[in-house]
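1. the amino acid sequence is not available; the structure is as follows:
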């Protein structure tokens, strides 16, 4: 399964320049996502969709990954339009993963879990959501909240989706996969989000050293 990282947004709320290039513990945010994808066995080719708002991101990916990751320039008009353009430009006709560039806590195991769930879901598309309660426990106030199946269960889109590349022009029937892993809940929109991620990564690294 190939993957496209959407990296065309400037990140005005964060206010630190191109968001994909904002550094977290000395490493650009987009590298966290790329490096995780490269370590995920189920993922094949990796693409980064950039826009006129993110020229530094395009240059960084090209120089840092030396052709191992493909950069796709988009018009930057809107997220869906840029995503559709990127899928077509990459000539992907199979299921593929779409991710945001500001999810530095993701791990290969979590992405393998998503792929495995997709393979048995029976639908052409899948969207990953997080319970609102998980976001609240982290002190996050998400912009978008859905009432899952009208049952009062409030969920938040994670920025990770799988869709069928050959039908990218059309709305696809999808299944909602709800995961309470904090790695899907915490994306970087504000300076506070960046501080939270820094703390969690330091704790994760400390735990790895102890083990």
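-> Okay, I see it. Computed from a prediction, not measured in an experiment: that's the story for all the values here. Residues are numbered from 1 along each chain as shown.
2. what's the longest strand in the protein?
-> Determined from DSSP state E, the single longest strand within the chain is strand 153-164.
3. okay, now the sheet partners of whatever helix or strand comes next after it, with direction.
-> Per DSSP states H and E, the first helix or strand lying C-terminal to strand 153-164 is strand 174-178. Strand 174-178 has the following strand partners under DSSP bridges: strand 125-131 (parallel).
4. now the angle from the partner strand to strand 153-164?
-> 150 degrees (axes from the mean of the first three to the mean of the last three CA atoms, to 10 degrees).
5. so how far is strand 125-131 from its chain's centroid?
-> Taking CA atoms, centre = their mean, to the nearest Å, the mean C-alpha location of strand 125-131 is offset from the chain mean by 12 Å.
6. repeat for stretch 34-44
-> Distance of stretch 34-44 from its chain centroid, counting by CA atoms, centre = their mean, is 13 Å.
7. and if you look at stretch 108-127?
-> 14 Å.
8. list the buried ones in that stretch?
-> Buried positions in stretch 108-127, judged by neighbour count with 16 or more other CB atoms under 10 Å: 108, 110, 111, 114, 115, 118, 124, 125, 126, 127. In this view, the C-beta of every residue, glycine as well, is placed from N, C-alpha and C.
9. how many other residues sit next to the residue lying closest to the fifth one once chain neighbours are set aside?
-> Nearest non-adjacent residue to residue 115, counting by CB to CB, 6 or more residues apart in numbering: residue 42, 4.3 Å away. A total of 16 residues lie near residue 42 under the criterion other CB atoms under 10 Å.
10. so where does residue 42 fall, helix or strand?
-> Residue-wise, residue 42 maps onto no helix or strand under DSSP H and E.
11. so it touches residue 112, yeah?
-> Yes - Residue 42 is within contact range of residue 112, at 5.8 Å (criterion: CB atoms under 8 Å).
12. so what's in contact with these two at the same time?
-> Listed as contacting both residue 42 and residue 112 by CB atoms under 8 Å, 6 or more residues apart in numbering is no residue at all.
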